[in-house]
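Visitor: Quick one, fold the following:
(chains A and B)
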Amino acid sequence: MGIDISRLRRQFGSFIALDDISLRIGDGEFVAVLGPSGSGKTSLLRILAGLDQPDSGSVQRDGQDLLALDARRRGVGLVFQHYALFPHLTVAQNVAFGLRVRPWRLRPKAAVIKARVDELLRRVELDQLAARYPAQLSGGQRQRVALARALAIEPRLLLLDEPFGALDAQVRVNLRRWLREFHRSLGITSLFVTHDQDEALEMADRVIVMNRGCIEQVGTPEQVYHRPATPFVSKFIARGQAVPGEVTASSLRVLGASWRLEGFADETWHAVEVHVRPEHIVSSPRPGEGLPARLLGVRHVAGTTLASLQVDGMHEPLEAAWNGHDGGRHASGERVTVQFQALTVFGLDREGRVCARADCHTPHLASPVVSGPWRRLEA
Amino acid sequence: MAVVAATISIGGRPTWPISLARTVLVLCALLVLGWLLVLPLLAIFAEALRPGVAFYLDAIRQPDTLAAVRLTLTVAAIAVPLNLLFGLAAAWAMTHFEFRGKALLGALIDLPFSVSPVVAGMMLILVYGKYGWLGSWLEAHGVQVIFALPGLVLATVFVTLPFVARELIPLMQAQGSEQEEAALTLGANGWQIFFRVTLPRVRWALLYGVLLCNARAMGEFGAVYVVSGHLRGLTNTLPLQVDQLYEENFAAAFAVASLLALLTLVTLGIKRLLEWRHGGELKGRH
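Guide: Here you go, the predicted model:
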């Protein structure tokens, strides 16, 4: 059951939009395809919708070849980023479109169409606006009309292209929650494309992270966030930042400190990349212990302090995320000492592919630390 | 002028050099338009009505003139729908497909604008005339193109070819094909997409193009002049009739000219009316 995507390839001139993509989507799953622009996510969506054909590869739905069906007969609902509503039709006529264009043998009676449209508009909470034209609606309302229109044909797969891309922040957050609930009540297999990490992590059952036409990682939001499989996922999702590091027999040396390294397959890797996340850079409980650094700047964003740090011995500044209480004590230009609480190590082979990865936690501590040691002192 | 300047300046800022420039430019434009367009047009009507209304009605009730009116309307009635179809097809092809020779097609659509109508008429004579490439074949099959209705229609179609296509292409380009794609995923077939999605979106631009095309079709002189043969009551369209009358009966010529001008003005009047009533949609409401 579900959708089976196998070895999909699509090339535009010399640009490879999809490079050997294989993927399974389970029945009723809500999947996010997350990636920066140009990562191939929209190409994947268009191929699934039947608006584009891959150069090679196959897509099967319950054993049936989906690529052999043209877009009209595929039973795939697509919600466009800019909605693509028909401006000359009312909201109700827009929603009824997919039913009215059916061949007459399959076309429901006018009364049935009307009942179905009313029902759908009630579900997307737009029954009061049925007689309006799209130009008279707000962005969030248009989005819901587009959704109702796509659902009218009772698709077996629902695709959403950047569903919140054209909305302002407030509407976006509300609609996210609404769409998540809506999907639960429908249970229809859905796939949405986004470049927004928060959106993907908050809404999806499973996240597919794409970069340059390849799938970097497939996993639950927790997995991709807490255990990124590649340096790209670490950077893109968890804002991981590279720090210089060396691996020697079961230990990792980073800026003079030694970390215990477990589960890191030795000798297969050619180079290592070590990442630290903003929330894992904490200020030292005891001055003089840890890494000396200079505070370049402090920004306060919604209860969190984002500190830009120039750690001695490093070229690039690092960004640390502190909660308001800790961050408030520091001013820019000040000298501070910081500690890394956790690091992620990626072993790369000669082609740059990840062949080993490990998570390390604070040196001298065997078990992972959730909050910094200074918290225990304060308690 | 001070009043004009005061009403133009917005927000009470001292924008007098700008408002002065604006006033001068607007006045210049109105003056030029008045001098070159409005005055001559009024002169035609004044001249036409000078010998009196009775004479005017007599002049346009001449059988030859009525035949010319009929012929002009017939030619327009054939040429305009042909160009409507061509314009739609060409605009659709230009905006929805990638194909070799697309740039060439774009240039060819503009060709009638750049070729002198007289040359267009000559080209038709070269191809369809008695001694032209197809002349002997056409004669053998009893088809007369040149000096007959088919020639007049061909010449008119050639000259008015770009109007509809040029009106539609920029609009279709700006609109993109997302709505057509949406219709496709909703299960619509090609005809349904065209009639339910594409056509409604371009209907006002299409009508606009058709009206312009019609105005030009009725007023065309050069190309038609070459292929007509000037047979009074048979192959004389209104503009040709005016031309012939001008040589012999000055006042009657003006009467017929005013009739022609009136036909065109009615077309432009309809256009203005549509713009006024559907202004928002003409601007391409999305």
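
Visitor: For the stretch 51-200 of chain B, which residues are neighbours of chain A?
Guide: Contact residues, the stretch 51-200 of chain B versus chain A (C-beta under 8 Å from any C-beta of the partner chain): B:178-179, B:181-189, B:192, B:196-197, B:200. Any C-beta I mention is one placed from the backbone N, CA and C, and that applies to glycine too.

Visitor: Repeat the analysis, applying 7 Å as the threshold.
Guide: B:178-179, B:181-182, B:184-189, B:192, B:197, B:200 (C-beta under 7 Å from any C-beta of the partner chain).

Visitor: Can you flag which of the residues you listed belong to helices?
Guide: B:E178, B:Q179, B:E181, B:A182, B:L184, B:T185, B:Q192, B:P200 (DSSP state H).

Visitor: Looking at the residues you listed, spot the one nearest A:R335.
Guide: Distances from A:R335 to those, taken as C-beta to C-beta, are shortest for B:E178 (55.2 Å).

Visitor: B:A90: what secondary structure?
Guide: Here B:A90 is recorded as helix under DSSP: H, G, I helix; E, B strand; the rest coil.

Visitor: residues making contact with stretch A:42-57?
Guide: A:6-11, A:17-18, A:21, A:33, A:59, A:67, A:69-71, A:74, A:76, A:78, A:157, A:159, A:161, A:193, B:181, B:185 (C-beta atoms under 7 Å, 6 or more residues apart in numbering or on different chains).

Visitor: Restricted to strands, list the residues you listed.
Guide: Among those, the ones falling in strands (DSSP state E) are A:6-11, A:17-18, A:21, A:33, A:59, A:76, A:78, A:157, A:159, A:161, A:193.

Visitor: Buried ones only from those residues, please, as a PyMOL command.
Guide: PyMOL command restricting the ones in strands among the contacts of stretch A:42-57 to the buried ones, with burial defined by 16 or more other C-beta atoms under 10 Å in any protein chain shown:
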select buried, chain A and resi 8+10+17+18+21+33+59+76+78+157+159+161+193
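
Visitor: Identify the residues contacting the residue in the stretch 151-286 of chain B that chain A sits nearest to.
Guide: Per C-beta to the nearest C-beta, the residue of the stretch 151-286 of chain B with the smallest distance to chain A is B:L186, at 3.6 Å. Applying C-beta under 7 Å, 6+ apart, we find B:L186 in contact with A:F97, A:G98, A:V101, A:R149, A:I153.

Visitor: Turn those into TSV, including pLDDT.
Guide: Below are those laid out as TSV (pLDDT from 0 to 100):
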residue	pLDDT
A:F97	96
A:G98	95
A:V101	94
A:R149	95
A:I153	92
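
Visitor: can you count the residues close to the residue in the stretch 101-250 of chain A that chain B sits nearest to?
Guide: Minimum separation of the stretch 101-250 of chain A from chain B (C-beta to the nearest C-beta) falls at A:V101, amounting to 4.1 Å. A total of 21 residues lie near A:V101 under the criterion other C-beta atoms under 10 Å in any protein chain shown.

Visitor: re the thing from before, could you tell me which of the residues of the stretch 51-200 of chain B next to chain A count as buried?
Guide: Among these, those scoring as buried are B:E178, B:Q179, B:E181, B:A182, B:L184, B:T185, B:L186, B:G187, B:A188, B:Q192, B:V197 (criterion: 16+ other C-beta under 10 Å).

Visitor: Apart from its chain neighbours, what residue comes closest to the second one?
Guide: Yep, that's B:Q179 we're talking about. Closest residue in space to B:Q179, ignoring its immediate chain neighbours: A:A84 at 4.8 Å, by C-beta to C-beta, 6 or more residues apart in numbering or on different chains.

Visitor: ok but the one you found is inside a helix, no?
Guide: No: A:A84 sits outside any helix when classified using three-state DSSP, being coil.

Visitor: I'd say it and B:E180 touch.
Guide: No: applying C-beta atoms under 7 Å as the test, A:A84 and B:E180 come out as separate, 8.7 Å apart.

Visitor: between these two, who's got more neighbours?
Guide: For A:A84 versus B:E180, neighbours defined as other C-beta under 10 Å are more numerous around A:A84 (26 against 19).

Visitor: I'd like the distance between that one and B:A182.
Guide: 4 Å (C-beta to C-beta, to the nearest Å).

Visitor: what's the answer for B:L41, then?
Guide: Computed as C-beta to C-beta, the B:L41 to B:A182 distance reads 47 Å.

Visitor: One more: B:E167?
Guide: With C-beta to C-beta as the criterion, B:E167 and B:A182 are 24 Å apart.

Visitor: swap in A:P155?
Guide: 13 Å.

Visitor: Please apply the same query to A:R142.
Guide: 12 Å.

Visitor: A:L191 now?
Guide: From A:L191 to B:A182 the distance is 17 Å (C-beta to C-beta).

Visitor: cool, and A:L167?
Guide: Noted for A:L167: a distance of 18 Å to B:A182, by C-beta to C-beta.

Visitor: Next: A:P278.
Guide: In terms of C-beta to C-beta, A:P278 sits 41 Å off from B:A182.

Visitor: Tell me how the chain divides into domains.
Guide: No chain was given, so I picked chain A. Chain A resolves into domains spanning A:3-226, A:239-364 when parsed by automatic domain parsing.

Visitor: my question was about chain B
Guide: Domain assignment for chain B, taken from automatic domain parsing, gives B:1-49, B:53-282.

Visitor: Now do the same for A:R177: helix, strand or coil?
Guide: Going by three-state DSSP: A:R177 is helix.

Visitor: which other helices and strands contact the helix or strand where B:P170 lies?
Guide: Following DSSP states H and E, one finds B:P170 within helix B:162-175. For helix B:162-175, the elements it packs on are helix B:63-96, helix B:102-114, helix B:199-219, judged by 3 or more C-beta pairs under 7 Å, 6 or more residues apart in numbering or on different chains; DSSP states H and E.

Visitor: any idea which of these is most buried?
Guide: Compared across the helices and strands packed on helix B:162-175, helix B:199-219 shows the largest average neighbour count, a mean of 21 (mean count of other C-beta atoms under 10 Å in any protein chain shown).

Visitor: Give me the contact list for it.
Guide: A:88, B:72, B:75-76, B:79-80, B:83-84, B:87, B:156, B:159-160, B:163-164, B:167-168, B:171-172, B:175, B:238-239, B:260, B:263-264, B:267-268, B:270-271, B:274, B:278, B:281-282.

Visitor: which among the residues you listed end up buried?
Guide: Here, 16+ other C-beta under 10 Å leaves A:88, B:72, B:75-76, B:79-80, B:83-84, B:87, B:156, B:159-160, B:163-164, B:167-168, B:171-172, B:175, B:238-239, B:260, B:263, B:267, B:271, B:274, B:281-282 buried among the contacts of helix B:199-219.
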